[in-house]
Structure formats: C-alpha cells, structure tokens
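**Student:** what's the 3D shape of this:
(one chain, ligands or ions: 1)
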Amino acid sequence: MKERIEQIRKAAAAAIENAEKMENLNDVKVSYLGKKGELSKLLKGMKNVAPEDRPKIGQMVNEARAAIEEKMKEKVDVIQRAFLEEKMKSEVIDVTLPGKHLESGHRHPNQIALDDIERVFIGMGYEVVEGPEIEYDRYNFELLNIPANHPAKDEQDTFYINKDILLRTQTSPVQARIMETGRMPIRVIAPGRVFRSDEVDATHSPSFHQVEGLVVDKGITFADLKGTLQQWAEEFFGPDTKVKFRPHHFPFTEPSAEVDVTCFKCGGKGCRMCKGSGWIEILGCGMVHPKVLSDCGIDPEVYSGFAFGIGLERITLLKYEIDDMRLLYENDIRFLKQF
Ligand code: DAH
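**Tutor:** This next block holds a predicted model:
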C-alpha cells in the first residue's frame, strides 16, 4: 500500500511536470484527485488493510493529496505567467518605429483665388449666393435680354438638354433669379461652374468658373460700379493697382465695359505677362439694362444697379502665372502642391 501511494505521488508529479497547458493540468487533477481518480480508488481498497494500519494509510493518502495539490498550484502559476509573458511579447509596441505619415491636402488654386475674391466682397457687405448649374433657357438668355437669334444661343456654344433646359453658359442667370425674389436692396456675388461647348486647349475648357456680381438699389450709378471694382482690384491685386474701363457690349447691361487692371507683374511698364501693354483684362461689367430690371419685376424708374462677371480661371492663371488652363483640371499632385 505504501509503495502504491509513493508510485501515485511520483506519477502525478511527473504528469504535472509535463503539463504544458491548463487543460493538461485539469486532466491530471481528474485522474489523480478526482472521485474516480487513483487516490479515491486506493481509499476504496482500505477494507483490505488491517484495521490498526488504516489511520496510518489514511494519513499517507491525505499527505499525498496535499502534496499533489501543492504541486498543481505551483504549476498553475508557472503556466499563467508563461501565458502572460507570451501575450506581452506578441502585443509589444515598438515606439521607435517611424509613424504613419498622414498626407493632408490643401485648397485648389482656383479655390484660393475664389476665397480671396469672396473675402474682399464680403468685407464690402456682399452676400455670397448660388444658382443651379442646370438652368432654364429663360434665365440663362431670355431674362438677360439675349434674344433667340443671339450668337451666344448658337448650339455650338451651349450644351442644351432640351429646347428649354441647358447647362448654364454664364453665372448671369443668378442675377435674374435674385431680382425675381423682389428682396431689396441687392448686393450679392454668385460664384459657380459654367459650361460651354468648347474644345479643350490652353485657354479653353468646356467647364470653367465665373463669379457674378450684382447690386440693385435706389440711386446706384456707374460711379458706384467704378469705385467698387477699383476697391476690389486694390485689395485683390495690390494697393498700387489701377483699373481702366473700356466701352464694350453685353446684352444685359447698358452701358457696358470691359475692365483692365495694371499688370501686377510689371506694374504697368509692359512685360511678357501683359504682352507689353501694361494692362490685363479681367472682367466684364455694366449698369443693369432697364429691360432686364423690368422683366425681372423691378421698376427701372425707381431702382438701378450694376453687374459684373469675373472669369475665375483667368484670375487664377494670372495670379499664379500659370500658362496653361489644363493644369488646373488635370489634378496632378506635383503641380497642385506648389500653391
Ligand atoms: N456673363 C458674361 C460672360 O459670360 C460676363 C459678364 C459681363 C457678366 C458683364 C456681367 C456683366 O454681369 O455685367 O461673358
């Protein structure tokens, strides 16, 4: 009996020693300490032991049980520690590794120019409004005093969706939409995308941007238009900028003008940028035609106004001395990064 207890103790110790995982330890527990385990079996054989030896044997069995339990507890510790160490190793963070570089974008040169234009007009009390890119012929042409036989209505220039609906060729229809609301006075700029059926080249694109301006109130004169654009040019292009108004024709303004500014590269002396003239053309403008006012529900006897239209790309190309409009649309990061 004594040898058997000793055997069981050794076998259990060896099994515990060999256990690698908690499950192995559990198996050991069942087969040695469990109800049907080796030690229990041994106790069941006590009836064959002489009564005077039984307490002794019982004590030995208890000691064996305690010893095995003790060993198991130690092994549980070892296994748990090993598990933790393994986990720590696999989850280790190497703080010396180079970080992930997050590329952050920035505004497109067109957007930078637009923000600058808006900033100046907002400073003068203008509101920034928008109109639809898909527009009625009525707003794009009719209400702007552009009759059906006007060359701009030629299908060559305009993307028609059907006979009444088109992709707006200019931001000027926003003028009509604003005037129609009847809210006075009007002091707005309306930036946005416009479309023309043009082939792509260094100065043309079927889609580009304009910034429309419109002021309508009592007593607005050409002097207000001149003062406003002079002020804007000084703030946008630099304090020494001069503006020049050249007579021109637009169907929706009367009188109309094209505006040049002194070349901001050479200051007016003449250079490659201004083609030697010292002046650069930047926009079209004029006093809102009385017929346009009345067609939009405004009494031209009471109110008057001025309007202007800036080609955004033109300004962007000039400002950043970019010589090909296509660069603005190709989205080549190497190009865009420079601004
Ligand atoms: N809409 C004109 C164009 O696309 C530009 C323009 C000229 C707008 C004169 C105006 C203006 O508001 O008064 O060529």
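**Student:** Work out the gap between whichever strand or helix holds Gly58 and the centre of the chain.
**Tutor:** Element membership of Gly58, judged by DSSP states H and E, is helix 54-90. For helix 54-90, the separation from the chain centroid amounts to 61 Å (computed by C-alpha atoms, centre = their mean, to the nearest Å).
**Student:** Repeat that for stretch 278-286.
**Tutor:** Relative to the mean C-alpha coordinate of its chain, stretch 278-286 is positioned 34 Å out (C-alpha atoms, centre = their mean).
**Student:** Kindly report the same for stretch 300-308.
**Tutor:** Relative to its chain's centre, stretch 300-308 lies at 39 Å (C-alpha atoms, centre = their mean).
**Student:** outside of stretch 322-330, which residues touch it?
**Tutor:** The contact list for stretch 322-330 (C-beta atoms under 8 Å, 6 or more residues apart in numbering) reads 108-110, 200-205, 208, 313, 316-317, 335. The C-beta positions use only the backbone N, C-alpha and C, and glycine is treated the same way.
**Student:** Whichever residue of the chain sits closest to the ligand: neighbour count?
**Tutor:** Residue of the chain nearest the ligand, by C-beta to the nearest ligand atom: Gly309 (2.4 Å). Look at Gly309: counted by other C-beta atoms under 10 Å, it has 22 neighbours.
**Student:** Could you pull out the buried residues of stretch 290-297?
**Tutor:** Neighbour-count burial for stretch 290-297, counted by 16 or more other C-beta atoms under 10 Å, picks out 290, 292-293, 295-296.
**Student:** Specify the residue ranges that define each domain of this structure.
**Tutor:** In the assignment given by automatic domain parsing, the structural domains of the chain cover 2-90, 109-336.
**Student:** Which pair of the contacts of stretch 322-330 spans the longest distance?
**Tutor:** His108 and Asp201 (20.4 Å; C-beta to C-beta).
**Student:** Can you pick out the residue with more neighbours from the two?
**Tutor:** Under the criterion of other C-beta under 10 Å, the comparison of His108 against Asp201 puts His108 first, with 15 against 10.
**Student:** Quick check: the more buried one vs Glu133, distance?
**Tutor:** 18 Å (C-beta to C-beta, to the nearest Å).
**Student:** same deal with Trp279?
**Tutor:** Note on Trp279: its distance to Glu133, by C-beta to C-beta, is 32 Å.
**Student:** Who has more neighbours out of the two?
**Tutor:** Per other C-beta under 10 Å, whichever of Trp279 and Glu133 has more neighbours is Trp279, with 19 against 13.
**Student:** residues from the protein in reach of the ligand?
**Tutor:** Residues of the chain found near the ligand (C-beta under 6 Å from any ligand atom) are 170, 172, 212, 250, 253, 284-286, 307-309.
**Student:** Apply 5 Å and report the result again.
**Tutor:** Selection of the chain residues close to the ligand by C-beta under 5 Å from any ligand atom yields 170, 172, 250, 253, 284-286, 307, 309.
**Student:** just the buried residues of stretch 290-297 now: which is nearest Arg4?
**Tutor:** Relative to Arg4, the closest of the buried residues of stretch 290-297 is Cys296; by C-beta to C-beta it sits at 112.8 Å.
**Student:** which SS state does the closest residue to that closest one other than its chain neighbours fall under?
**Tutor:** In space, and not counting its chain neighbours, Cys296 is closest to Met179: 3.6 Å by C-beta to C-beta, 6 or more residues apart in numbering. Secondary structure, DSSP: H, G, I helix; E, B strand; the rest coil: Met179 is helix.
**Student:** what's near enough to touch Met179?
**Tutor:** Contact analysis of Met179 by C-beta under 8 Å, 6+ apart lists 186, 214, 216, 292-293, 296-298.
**Student:** Show me what the one helix or strand in the chain whose mean pLDDT sits lowest is packed up against.
**Tutor:** Lowest by mean pLDDT, DSSP states H and E among the helices and strands of the chain is helix 38-44, with a mean of 81. Counting contacts by 3 or more C-beta pairs under 8 Å, 6 or more residues apart in numbering; DSSP states H and E, helix 38-44 is packed against helix 2-18, helix 54-90.
**Student:** please redo it, this time with the cut-off set to 6 Å
**Tutor:** The helices and strands touching helix 38-44, judged by 3 or more C-beta pairs under 6 Å, 6 or more residues apart in numbering; DSSP states H and E, number zero.
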